[in-house]
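Chemist: Coordinates only, no sequence provided:
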């Protein structure tokens, strides 16, 4: 019971963090058709900026300033890079962001070094939130879940209840009509791109200290969020939420399950020493890194448009 | 009325005249492959040449997807890497005497292995095109990378699978022990495969994949299933990737998880794009340049990946046709005439361009020197800079800024009055890809 409850909570907080990343990615994709390969790089930049700011000032300044800085960078990238390659089509845009992710990793290494930086949880958020069955749940995990939920709520409200949100929604499906009505669609694009990058950076601020802040962190999470976006259905926010939680849960549960097919066979009373060296001995925990990708392949075979997708890519 | 060519007394030269222009590039290519190790004969350069050869084949097979089929794959190393693993295991078995296979035919085995996985994974990936295709190939690539660390029996874990490529008795004195013999093995396979890939582009399937790239709906309308055409091309491309992987394995005598990694796939994409995907020979340039820079630049600077990334992004921004596209544009009569007429501007472009590059390199190296924090003095191109002084950054920044402005001015003045600047024309394939 204790195991299930805590794994559930951990999976939930990891899933919500994934959602913070993938929501920006899927919004950008559905609006501009751009698959932002460098999205996880902005997540990494968020974590590193937060580290520098929290060391010099405080965590709470970093909490507000780092996403703002990264959003500004994102706006610049859209304005001076993506808009320029837009005329070459989506493949060129994808390649541009791919190259950008290369550059960001290198620049991060120049600025902050190749080793892990000591970006740690602020003292006021360090400690147990509650203790259940003798296991304590850290405050910071709760804080992560709170921030992610608030962010989710504010995206929802901003998109459905504000004027800007309605223009963004309209520009998603009918960009030329929105333009004809006198709205500056390219500026809306810049806004969405900057917003998506800011969200990724926010995820970096609260994820960087919960996990590790190192130059490889973008690559670790980068492919997972692509899986989330495809599994959830390209361009669907609700799908991204479901897929994030699903993958968060699956991965968290899998790493703590130390069982394999062989264990099952042994439990059923089949003792076969010849099988001990075979593929069957691989435990679920060892398989954890590949589970999201297996899910991706399965979804593509069974439901090509993704869980909540409305169109085929 | 024109006389029939066959009735003319010089009928044979006339036939020669049509064959020669087609055969000439191939003859030059073959000659280049034969002569290259004689010109660059040092021990290290022979190894680099061998790597360039395998990378060329990888690039060509990758361009079957990207250039000819409009499929942007982020997982091409999966097929070459798995081909390499199968080749490595085959050579190990041959060394142990379990099976008997000559080294020179191992690439076929690697190719078949690559093809097998192309059949398997291609079925899933080629269902889509464009951006979704790119994402799925990335997913497959991550899947295989994760597998590689999970199953050490086949993938050899962290250390990889190493072997001795000298197997069996030497035939006519060829044991494939010396590097030069391996180079010629790679060169022969590269030449054969290049011919085959070129021939593929002339087949009905090769033409159809172009049609599917340009307009899948119309291809479907005239009775071809785009998905099927993509699938077949993917399988063939995986075969050549597998051949290249096996050749790489023979060259290094070790295959590790790095061979199937996403990073390797990214490098293939980077090099091929830099070479240019619009022309058949583009990947050859990209591979040569890419390997050359990776091997040489990494000896001189820790920032070589940054340079590669910046170069790539600049190519995407300003020359989506790659180097081959630039080359073809540069020798167009119109451009040549303009260059001759406006040579002072061309000179200004070259000089300010070089200054921008010089200043940028200086700035990056200064930053790297500072971040490594060992010594504040940087020696580069025969000059010495103190990286601890703020003044030196200001000077370098000013140099980049001023030469950048003059480059832009000269560029605009050079193309003044032209109906289409060259960047608008280049990059045809990239523009058609992925909608």
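Modeler: Noted; the coordinates are in hand. In this text the structure is predicted, and so the values were computed from the model without any measurement.
Chemist: do the helix or strand where residue B:351 lies and chain A meet?
Modeler: Using DSSP states H and E, residue B:351 maps to helix B:343-372. Yes. Contact of helix B:343-372 with chain A (Cβ under 8 Å from any Cβ of the partner chain) involves B:364, B:367, B:368, B:371. Yep, even glycine has a C-beta here, placed from its N, CA and C like the rest.
Chemist: how about that helix: buried residues?
Modeler: B:345, B:348-349, B:352-353, B:355-356, B:358-371 (16 or more other Cβ atoms under 10 Å in any protein chain shown).
Chemist: Got the domain ranges for chain B?
Modeler: Structural domains assigned to chain B are B:14-328, B:333-432, following automatic domain parsing.
Chemist: roughly how far is the first one from the heart of the chain?
Modeler: Translated: domain B:14-328. Relative to the chain's own centre, domain B:14-328 is displaced by 8 Å; criterion: Cα atoms, centre = their mean, to the nearest Å.
Chemist: Could you tell me the least trusted of the domains of chain B?
Modeler: Out of the domains of chain B, domain B:333-432 stands lowest, with a mean of 74 (criterion: mean pLDDT).
Chemist: Check the offset of that one from the chain's centre.
Modeler: Using Cα atoms, centre = their mean, the offset of domain B:333-432 from its chain centre is 25 Å.
Chemist: Contacts only, for residue A:189.
Modeler: A:31, A:32, A:78, A:83, A:171 (Cβ atoms under 8 Å, 6 or more residues apart in numbering or on different chains).
Chemist: Residue A:185 contacts residue A:171, doesn't it?
Modeler: Yes. Counting by Cβ atoms under 8 Å, residue A:185 touches residue A:171, with 5.5 Å between them.
Chemist: So between the two, which is more surrounded?
Modeler: The residue with more neighbours, out of residue A:185 and residue A:171, is residue A:171; 23 against 20, by other Cβ atoms under 10 Å in any protein chain shown.
Chemist: Figure out how far the helix or strand encompassing the more buried one is from the centre of its chain.
Modeler: For residue A:171, the host element (DSSP H and E) is helix A:163-173. Counting by Cα atoms, centre = their mean, helix A:163-173 is centred 23 Å from the centre of its parent chain.
Chemist: Nearest spatial neighbour of residue B:250, chain-adjacent residues omitted?
Modeler: residue B:165 (5.3 Å; Cβ to Cβ, 6 or more residues apart in numbering or on different chains).
Chemist: My impression was that that neighbour belongs to a strand - is that right?
Modeler: No. Using DSSP: H, G, I helix; E, B strand; the rest coil, the secondary structure at residue B:165 is coil, not a strand.
Chemist: measure it to residue B:159 for me?
Modeler: Residue B:165 is 18 Å from residue B:159, where distance means Cβ to Cβ, to the nearest Å.
Chemist: ok, the two, which is more surrounded?
Modeler: Under the criterion of other Cβ under 10 Å, the comparison of residue B:165 against residue B:159 puts residue B:165 first, with 22 against 11.
Chemist: That one against residue B:91, yeah?
Modeler: Yes. The criterion here is Cβ under 8 Å, and residue B:165 meets it with residue B:91 at 6.3 Å.
Chemist: Overlap in contacts, the two.
Modeler: B:103, B:250.
Chemist: residue ranges for the strands of the stretch 251-400 of chain B, please.
Modeler: B:254-255, B:377-380, B:383-386 (DSSP state E, counting those that start in this stretch).
Chemist: Hmm, I typed the wrong one, I wanted the stretch 51-200 of chain A.
Modeler: So, for the stretch 51-200 of chain A - with DSSP E, counting those that start in this stretch - the strands run A:128-132, A:135-138.
Chemist: out of these, nearest to chain B?
Modeler: Nearest to chain B among those is strand A:135-138; the distance by Cβ to the nearest Cβ comes to 28.4 Å.
Chemist: Check which helices and strands the closest one sits against.
Modeler: Applying 3 or more Cβ pairs under 8 Å, 6 or more residues apart in numbering or on different chains; DSSP states H and E, one finds that strand A:135-138 contacts helix A:2-32, strand A:128-132.
Chemist: at 6 Å what do you get?
Modeler: Under the contact definition 3 or more Cβ pairs under 6 Å, 6 or more residues apart in numbering or on different chains; DSSP states H and E, strand A:135-138 sits against strand A:128-132.
Chemist: helix, strand or coil for the residue of the stretch 1-150 of chain B found nearest chain A?
Modeler: Closest approach between the stretch 1-150 of chain B and chain A, counting by Cβ to the nearest Cβ: residue B:132, at 3.2 Å. Secondary structure, three-state DSSP: residue B:132 is helix.
Chemist: Near chain B, which residues of chain A? Just list them.
Modeler: Residues of chain A that fall close to chain B, judged by Cβ under 6 Å from any Cβ of the partner chain: A:35, A:84-85, A:88-92, A:95-96, A:99, A:102-103, A:106, A:110, A:223, A:226-227, A:230, A:282, A:286, A:289-290, A:293, A:296-297, A:300, A:313.
Chemist: Buried members of those into PyMOL, please.
Modeler: In PyMOL, a selection of the buried entries from those looks like this (16+ other Cβ under 10 Å):
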select buried, chain A and resi 35+84+85+88+89+90+91+92+95+96+99+102+103+106+110+223+226+227+230+286+289+290+293+296+297+300+313
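Chemist: Pull the contacting residues for the nearest residue to residue A:208 once chain neighbours are set aside.
Modeler: Distances taken as Cβ to Cβ, 6+ apart place residue A:47 nearest to residue A:208, at 2.8 Å, with adjacent residues excluded. By Cβ atoms under 6 Å, 6 or more residues apart in numbering or on different chains, residue A:47 lies in contact with A:204, A:208, A:213.
Chemist: Tell me the helix or strand right after the particular helix or strand that has the first one in it.
Modeler: Looking back up the chat, that one is residue A:204. If you go by DSSP H and E, residue A:204 is part of helix A:185-208. For helix A:185-208, the succeeding helix or strand toward the C-terminus, using DSSP H and E, is helix A:217-232.
Chemist: tilt between that next one and helix A:2-32?
Modeler: 80 degrees (axes from the mean of the first three to the mean of the last three Cα atoms, to 10 degrees).
Chemist: In helix A:217-232, which residues are buried?
Modeler: So, applying 16+ other Cβ under 10 Å, buried residues of helix A:217-232: A:217-219, A:221-232.
Chemist: all helices of the stretch 151-300 of chain B, in order?
Modeler: Using DSSP state H, counting those that start in this stretch, the helices of the stretch 151-300 of chain B run over residues B:152-155, B:179-202, B:204-214, B:216-221, B:226-252, B:262-275, B:282-300.
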